[in-house]
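Asks: Sharing a sequence plus its predicted fold:
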Amino acid sequence: MLSIPLPFLAGLVFALTLYRSLKGVEVPGTRRYFYAFLALYALQGIGVGLRFGYGVEGLTPFLPVSASIMPPLAFLAFRGLTSKPLPRPWLHLLPPLAVSITVGLFRDLVDPLLLAVFVGYAFALWRLTVANGAEVMAEASLQRMRPAFRAARLTAGLMLFFAVSDAGLAVYAGLYGSDDVPLAVAIMNIAAIAAVVVYYFAPELAVSGAPARPAMKATAEEGAILARVEVALEDRELYKSEGLSLAKLARRTGLSVRDVSSAINRATGLNVSQFVNNRRVAEACRLLRESEQTVTAIMLDVGFSTKSNFNREFRRVTGMSPAQYRIRANQAQSGSAEPKRT
């Protein structure tokens with residue numbers, strides 16, 4: 001039982017969330033794992049259809065093996081968004097290898113082993129997101145960092161949910177029969193759909209929209225780091241790069257991700273995304289005052305990719321929408337241009 005619902009349902013959610021999270025990410029390793037997952041997911045879906053729709057029994061030994069490959073791919077894809085190198089990636093070949101051996105020699109152990117694989121990787125992925133919050137996804141662009149973080153936690157939660165619920169179903173069916181299993185499976189499907197709907201349509205509790213914390217007294221070293229960051233952002237107008245990430249900014253300054261993030265947090269009370277967006281909004285304000293460009297053109301020119309993010313950040317910094325800012329700026333300029341009456 002575990003070899004079918006686990007990879008199919010968890011894989012569907014993973015494909016949707018990871019695809020959205022990796023837009024604009026320029027990390028070859030993560031893309032490679034993601035594309036491998038999509039190919040495997042397609043083959044798994046075809047295999048499930050042929051096995052249960054057309055009775056192709058020859059596929060039965062292969063489905064548990066392909067299922068066991070999905071959790072490592074999910075973990076490696078998200079792990080690639082961190083700034084830390086991955087030691088011994090070949091170790092992640094061991095779970096599929098163990099399942100392959102079990103399928104051939106110890107068929108009764110296939111389901112327990114798959115359960116262990118899914119639960120183990122679910123906890124590993126969740127643990128990855130515990131330290132440093134969204135900024136752990138340092139290789140993701142600043143605008144995708146928070147969605148990638150949420151997607152990683154959602155994927156970990158769903159893998160654990162389906163592993164535990166499928167194991168419970170297997171035990172229940174063994175003790176009391178399988179009459180109530182279809183209802184339980186339907187409830188699991190509804191839960192998965194609900195999770196996807198919440199992820200895509202509920203208002204995102206983005207860190208960038210949160211109020212800034214009071215700045216702490218920065219040390220001389222942190223002040224020097226902040227100055228280097230500001231110089232790097234102005235160099236070739238790096239702050240306008242839509243794909244700018246925390247890791248890329250750290251590499252430009254020659255510093256570690258932790259040092260850059262900590263210095264910005266302590267010296268300004270802002271997170272890295274807010275700090276960079278403050279500079280983008282300042283440039284947007286200048287263009288709104290001095291140019292005839294449309295708001296959309298200005299949004300793209302200063303480094304934002306979506307109107308929702310641009311409007312939210314602009315309102316956070318200025319207290320008004322870009323259109324309202326332009327109207328007030330034009331009114332102020334018109335007022336100052338009128339000759340004084342005697």
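Replies: Alright, I've got the coordinates. Numbers count the residues shown, from 1 in each chain.

Asks: Now find how far off-centre stretch 226-241 is within its chain.
Replies: 24 Å (CA atoms, centre = their mean, to the nearest Å).

Asks: Can you list the buried residues in it?
Replies: 226, 228-229, 232-233, 238-241 (16 or more other CB atoms under 10 Å). Backbone N, C-alpha and C define where each C-beta goes, glycine included.

Asks: just stretch 32-42 next, same as before
Replies: 33-34, 37-38, 40-41.

Asks: What is the end-to-end distance of stretch 75-85?
Replies: 14 Å (CA to CA, to the nearest Å).

Asks: oh, I was asking about stretch 126-143
Replies: With CA to CA, one end of stretch 126-143 sits 21 Å from the other.

Asks: re the thing from before, any chance of TSV for the buried residues of stretch 226-241, columns secondary structure and pLDDT?
Replies: Below are the buried residues of stretch 226-241 laid out as TSV (DSSP: H, G, I helix; E, B strand; the rest coil; pLDDT from 0 to 100):
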residue	secondary structure	pLDDT
L226	helix	93
R228	helix	95
V229	helix	95
A232	helix	95
L233	helix	95
L238	helix	94
Y239	helix	95
K240	helix	95
S241	coil	92
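
Asks: out of the residues you listed, which one sits closest to A263?
Replies: Among these, L226 lies closest to A263 (CB to CB), at 5.2 Å.

Asks: Verify the stated contact: that closest one with S261.
Replies: No - assessed by CB atoms under 8 Å, L226 is found out of contact with S261, at 11.4 Å.

Asks: before we move on, back to that, now, which of the buried residues of stretch 226-241 sits nearest L287?
Replies: Using CB to CB, these come closest to L287 at K240, 11.2 Å.

Asks: Quick check: the closest one vs L249, distance?
Replies: According to CB to CB, to the nearest Å, K240 stands 13 Å off from L249.

Asks: joint contacts of the two?
Replies: Both K240 and L249 lack any common contact, where contact means CB atoms under 8 Å, 6 or more residues apart in numbering.

Asks: I187 sits in which helix or strand?
Replies: helix 181-201 (DSSP states H and E).

Asks: I misspoke; the intended subject was I327.
Replies: Judged by DSSP H and E, I327 forms part of helix 322-337.

Asks: one step back: which ones among the buried residues of stretch 32-42 map onto strands?
Replies: Among these, no member falls in strands (DSSP state E).

Asks: Please identify which of the buried residues of stretch 226-241 is nearest to R79.
Replies: Scanning these for proximity to R79, where the rule is CB to CB, the winner is S241, at 24.0 Å.

Asks: Could you double-check that that closest one sits in contact with V302?
Replies: No - with contact defined as CB under 8 Å, S241 does not count as touching V302 (10.3 Å).

Asks: Find me the pLDDT at the residue most central in space within the chain, would you?
Replies: The centre of the chain sits closest to A148, judged by CA atoms, centre = their mean, with a distance of 0.7 Å. pLDDT recorded at A148 is 81.

Asks: A140 versus that one, what's the distance?
Replies: For A148 relative to A140 (CB to CB), the value is 4 Å.

Asks: Quick check: buried residues in the helix ranked longest in the chain?
Replies: Taking DSSP state H as the assignment, the helix of the chain that covers the most residues is helix 142-176. In terms of neighbour count (16+ other CB under 10 Å), helix 142-176 has its buried residues at 142-156, 158-163, 165-167, 169-170.

Asks: And for stretch 73-88?
Replies: 73-83.

Asks: Tell me the gap between it and the middle of its chain.
Replies: On CA atoms, centre = their mean, the centre of stretch 73-88 falls 13 Å from that of its chain.

Asks: what do you get for stretch 252-272?
Replies: That offset, for stretch 252-272, works out to 20 Å (CA atoms, centre = their mean).

Asks: Buried residues, that stretch. List them.
Replies: Result for stretch 252-272 [16+ other CB under 10 Å]: buried residues 252-253, 255, 257, 259-268, 270-272.

Asks: Sort out for me which of those residues are in helices.
Replies: Going by DSSP H, the helices hold 252-253, 257, 259-268, 272 from the buried residues of stretch 252-272.

Asks: Might you report the residue contacts of P72?
Replies: Counted by CB under 8 Å, 6+ apart, P72 has contacts 92-93, 95-96, 121.

Asks: Could you break this protein into its assigned domains?
Replies: 5-205, 215-337 (automatic domain parsing).

Asks: Where among these is average confidence lowest?
Replies: domain 5-205 (a mean of 76).

Asks: what about the helices in the stretch 1-150 of the chain?
Replies: Per DSSP state H, counting those that start in this stretch, the stretch 1-150 of the chain carries helices over the ranges 5-21, 28-53, 62-79, 94-105, 110-130, 142-176.

Asks: Adding distance to R289, write those out as a markdown table.
Replies: Shown next, in a markdown table, are those (distance: least, CB to CB, whole Å):
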| stretch | distance to R289 |
| --- | --- |
| helix 5-21 | 35 |
| helix 28-53 | 40 |
| helix 62-79 | 41 |
| helix 94-105 | 58 |
| helix 110-130 | 41 |
| helix 142-176 | 24 |
